[in-house]
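In: Okay, predicted coordinates and the sequence, questions at the end:
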Amino acid sequence: MSLFKNISLQQLWQVALHTFFRFPMVLLSAITGTAIVILLIELESSEPKEWLIKLVLISSVGLILFFTLELLVRRYKLAQRGRMLTWLGGLSFLVLYFFLLPEEPDFKSMLRHLALVFVLHLMASYAMFLNRRQENAFWQFNKSLFLRVLTSVLYSGVLYIGLVVAIVALDQLFAIQVDEKIYPELWVFMVGVFNTWFFLAGVPLNVEELEEAQDYPKGLKVFTQFVLLTLVTIYLVILYAYFGKIVVQWEWPEGWVSVLVLVFSIVGILSLLLIHPIRNLAGNTWIRTFSKWFYRALFPLTILLALAIWRRVSEYGITEERYVVLALAVWLLIAVLYFLFSSAENIKFIPVTLSIVTLLAAFGPVNMFVVSEWSQVSRLQNLLRENGIMEAGKVNPKHGPVEQEAKAEISAIVDYLSENHDFDSLEDWFTVDLSTAIDTAAINTDSKWGRRAVTRDLVLELMGLDYTTISKAPVERYFSFTMNGYAYEDKSEVYTIAEYDYVAEVLFSGNGDGRQELKLGKNPLIVSMRDNSLYFQIQQESLYLNLEPIIKKLNKMSGSIRTKSELTYTLQGKQARIQVVLQELSGNQKGKKCKTTDAKLLLFVQVP
């Protein structure tokens, strides 16, 4: 309590103002992005949002970009003029980035965006420590950032919960109407503005003081020693047991093992980074021993990781996801070799090299998108040749029969290209102008998902294949039906209740299974939903309604808005009669099997 005893509102204002002048462009980026997200929440779903979403992406880059630039200004002790020039350079980059982003950010642009943000975060960790010295300052700085992040998240979360409770209290106690949008908007403000401002207020910028600092939180050592290192040991035992199984049975490793190897590596390296400053203190010789043997133990596992990746690549080619895992494996091997054979063992090596690998993977000449497209196009070309679909470099749609497995592989590659790339590299394979044919086929398709399906079907058709007959496995299909007059919050349907004693509304949501008990005078009514059926129990009598034939019948009709008669069913028992109105019904259908996940029911009940 003594920490906050003498703090006044004036001092808090001065700290906030001082933080703003230390990081003005960072906070302006955070405020801009927050304001746009709040605006997006306020906008109706039909209003155009693409350029606003692009501005949110720009703001997220600007936040970490200007933070890194401020650190560089401090590193090189630039005067105000130099500082403003860095701001101008940062703004120029953001303007260029805005125009480089597509109108509707796709998978490729979003992945590159995430890579850019990740690289900027890594650069922020070492921007002030680009020389070989000041390793302690580097560690102390990042330790402070790490603890500051945890503290700001805690403060933001507690403050948000407190404000939400206050708003709910106003609503309940004083009947003040509160728009439900205020809750997500308040959360966005807390995360975007308050959390950022609070975090920046505690960022240390004096490198000399950081280099001289020797404080080490005891809780951090306990957390590392008893939590992280315990996890590392468990992962190590599992991985080496699996490695032994592979050697004994002489079989290829499962692809999933790559995830476990990467998690083991990340947790182990993080543990070593957290205990790095105390490795040479008396009584901590176990840390040096652990560090030495960790990288030795990691070396065989990188081979296991490489084998797991190679198996998937050799069978299915390279995709963006496999490229990322492959790039991480290469970086991991480099890091292992460095810490095994280098006498320096500078921990700055980790973020510096990881940022370089990430940049090359996302923006380099042989980046993940170029390599993935080349790999999948090559696989497709080989499959077409092997199955007689391509002859002399041209696709022959009047080819002979093709095995089902080969057709499924061809379809999967075409689907991948339509989703993540384009078909420019396939232009020379066809006698027709492929780009013109695609534009013509998709001329009436507005959504990107619809265009993707149309494009995929057209390319397969030009190859003499029919998508609907390729896969033997049933396709999972989402269904949703709403009663006419109940859609879009327009509850205009009028009901006659003269024949019934009670009316009640019941909602099931999530996984479709549930149980609710309603009190109808002295008669409890238990309503349950399970196995695609509705069960009603009243006065020792049980009635049920099977939803599966209803769903199959509705799926054969066009449109999702159905009439009242199509969604109304009456259950007659000896002691009660229940009329069930399916106001809303949604779920998934795969082949002949249905699974209802959400249902909104209006029940009319007649009891003696």
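Out: Happy to help now that I have it.

In: Can you show me the strands along the protein?
Out: Under the criterion DSSP state E, the chain contains strands at 390-391, 394-395, 476-483, 502-508, 514-520, 523-530, 533-538, 541-546, 561-562, 568-572, 577-590, 593-606.

In: how much space is there between Ser265 and Tyr235?
Out: 9 Å (Cβ to Cβ, to the nearest Å). Yep, even glycine has a C-beta here, placed from its N, CA and C like the rest.

In: Same check on Leu603?
Out: For Leu603, the distance to Tyr235 - Cβ to Cβ - is 52 Å.

In: Please identify which of those two sits among more neighbours.
Out: Leu603 (21 against 18; other Cβ atoms under 10 Å).

In: Tell me, how many residues neighbour the nearest residue to that one once chain neighbours are set aside?
Out: Leaving aside its chain neighbours, Leu603 sits nearest to Ala504 (4.9 Å; criterion: Cβ to Cβ, 6 or more residues apart in numbering). Residues lying near Ala504 (other Cβ under 10 Å) number 15.

In: so Ala504 touches Val605, yeah?
Out: Yes. Contact criterion Cβ atoms under 8 Å: Ala504 and Val605 qualify, at 7.2 Å.

In: Can you spell out the domain ranges of the chain, please?
Out: 7-212, 218-364, 370-469, 479-606 (automatic domain parsing).

In: Export those as TSV, with columns for mean pLDDT.
Out: What follows is these, written out as TSV (pLDDT from 0 to 100):
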stretch	mean pLDDT
domain 7-212	90
domain 218-364	83
domain 370-469	86
domain 479-606	81
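
In: that older thread, name the residues contacting each of Ala504 and Val605.
Out: By Cβ atoms under 8 Å, 6 or more residues apart in numbering, Ala504 and Val605 have these common neighbours: Leu520, Leu525.

In: Between the two ends of stretch 74-82, what distance do you get?
Out: End-to-end distance for stretch 74-82: 11 Å, by Cα to Cα, to the nearest Å.

In: Distance check, Thr563 against Thr86.
Out: Distance, Thr563 to Thr86, by Cβ to Cβ: 65 Å.

In: Looking at those two, which is more packed in?
Out: More neighbours surround Thr86 than the other of Thr563 and Thr86, with 19 against 10 (other Cβ under 10 Å).

In: my read: that one touches Leu72, true?
Out: Yes. Thr86 is in contact with Leu72 according to Cβ under 8 Å; the separation is 6.9 Å.

In: overlap in contacts of those two?
Out: By Cβ under 8 Å, 6+ apart, the residues touching both Thr86 and Leu72 are Leu78.

In: Can you get me the start-to-end distance on stretch 72-85?
Out: Per Cα to Cα, the first residue of stretch 72-85 is 12 Å away from its last.

In: should've said stretch 186-193
Out: Termini of stretch 186-193 sit 10 Å apart (Cα to Cα).

In: And for that stretch, what's in contact with it?
Out: 27, 30-31, 33-34, 37-38, 41, 156, 159-160, 163-164, 167.

In: what do you get for stretch 203-215?
Out: By Cβ under 8 Å, 6+ apart, stretch 203-215 touches 22-23, 71, 74-75, 128-129, 134, 136-137, 140-141, 144-145, 148, 277.

In: Check stretch 407-423 too.
Out: 107-108, 317, 319-320, 369, 372-373, 376-377, 379-380, 383-384, 387, 389, 402, 426, 434-435, 438, 452-453, 455-456, 459-460, 463, 465, 467, 470-471.

In: Stretch 379-392 too?
Out: The contact list for stretch 379-392 (Cβ under 8 Å, 6+ apart) reads 316-317, 395-396, 399-400, 402-403, 406, 409-410, 413-414, 417, 426, 429, 463-465.

In: can you give me the helices in the stretch 101-250 of the chain?
Out: 107-126, 135-174, 182-189, 195-201, 207-212, 218-223, 229-249 (DSSP state H, counting those that start in this stretch).

In: winner for burial among those?
Out: Ranked by mean neighbour count, the helices of the stretch 101-250 of the chain are led by helix 195-201 with a mean of 20 (mean count of other Cβ atoms under 10 Å).

In: shouldn't Glu345 be in contact with Phe339?
Out: Yes. Using Cβ under 8 Å, Glu345 is in contact with Phe339, at 5.7 Å.

In: More neighbours: these two, which one.
Out: Set side by side, Glu345 and Phe339 show more neighbours around Phe339, with 22 against 16, by other Cβ under 10 Å.

In: check contacts around the more buried one.
Out: With Cβ under 8 Å, 6+ apart, Phe339 has these contacts: Ser291, Tyr295, Glu345, Phe349.

In: what about Asn546, neighbour count?
Out: Asn546 has 12 nearby residues by other Cβ under 10 Å.

In: Tell me which residues touch it, please.
Out: Neighbours of Asn546 in contact, by Cβ under 8 Å, 6+ apart: Asn532, Ser533.

In: Quickly note the distance from it to Gln606.
Out: Per Cβ to Cβ, Asn546 is found 21 Å from Gln606.

In: Enumerate every residue touching Ile347.
Out: For Ile347, the contact set (Cβ under 8 Å, 6+ apart) comprises Glu135, Phe138, Trp139, Leu272, Leu273, His276.

In: and what of Gly82?
Out: Val73, Tyr76.

In: Quick check: phi and psi on Ala498?
Out: phi -60, psi -30 (degrees, to the nearest 10).

In: burial measure for it, as a count.
Out: Neighbours of Ala498 (other Cβ under 10 Å): 4.

In: Could you check how far it is from Ile278?
Out: 81 Å.

In: With Leu120 instead?
Out: According to Cβ to Cβ, Leu120 stands 30 Å off from Ile278.

In: ditto for Tyr416
Out: Relative to Ile278, and taking Cβ to Cβ, Tyr416 is found at 49 Å.

In: go on, Leu200?
Out: 28 Å.

In: what's the answer for Phe536, then?
Out: For Phe536 relative to Ile278 (Cβ to Cβ), the value is 66 Å.
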